[in-house]
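Enquirer: For reference, the sequence and a predicted model appear below.
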Amino acid sequence: MSFGQAVSACFGKYVTFSGRAIRSEYWYWALFLLIVGLILGAIDWTLPYHFLLAFFDLATILPGLAVMVRRLHDLDRSGWWWLILFVPLVGPILLIVWMCTRGTPGPNRFGPASA
């Protein structure tokens, strides 16, 4: 999946928490958030009111959570595992490791393998 396809897929599945997402979809989405966040942060820094980055964050929090849940589904884990982020230090590290792990081959309980 290319960068543009991943961003388009995440916005197209804005609040779709079912199904599966491959690693490239998740990581290209994360790269998109980083690039746009840096650009908007730089623009916001020059403005008297800092609202651009906050608006972007609000607009992308649901698709970001949805792609994370679909990525966990690709690993045959419940989407509720995203809550492990709230466990200090260990939680975020474990989630990053899982996001880097190859998904289960073939269909699993969350659907067929993604392309």
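Expert: Looks like it came in fine. Residues are numbered from 1 along each chain as shown.
Enquirer: So residue 102 is in contact with residue 23, correct?
Expert: Yes - using Cβ atoms under 8 Å, residue 102 makes contact with residue 23 at a distance of 7.1 Å. C-beta coordinates here come from the backbone N, C-alpha and C atoms, glycine included.
Enquirer: more crowded one of the two?
Expert: residue 23 (17 against 9; other Cβ atoms under 10 Å).
Enquirer: So, low pLDDT: which residues of the chain?
Expert: Scanning the chain with the threshold set as pLDDT under 70 gives 115.
Enquirer: need the helices for the chain, in chain order.
Expert: 3-12, 23-46, 52-74, 90-100 (DSSP state H).
Enquirer: For residue 114, which of the ones you listed is the nearest?
Expert: Proximity to residue 114 (Cβ to Cβ) singles out helix 52-74 among these, at 6.6 Å.
Enquirer: Identify each buried residue in that closest one, please.
Expert: Within helix 52-74, the residues scored as buried using 16 or more other Cβ atoms under 10 Å are 52-53, 56, 60, 63-64, 66-74.
Enquirer: returning to that earlier point: can you say which of the helices of the chain is nearest to residue 110?
Expert: The minimum distance between residue 110 and the helices of the chain falls on helix 52-74, with 3.7 Å, by Cβ to Cβ.
Enquirer: Let me know the angle separating the closest one from helix 90-100.
Expert: Inter-element angle recorded for helix 52-74 and helix 90-100: 70 degrees (by axes from the mean of the first three to the mean of the last three Cα atoms, to 10 degrees).
Enquirer: Can you give the contact residues for helix 52-74?
Expert: For helix 52-74, the surrounding residues in contact (Cβ atoms under 8 Å, 6 or more residues apart in numbering) are 10-11, 13-23, 25-26, 29, 33, 36-37, 40-41, 43-44, 78-79, 81-82, 98-99, 103-104, 108, 110-111, 113-114.
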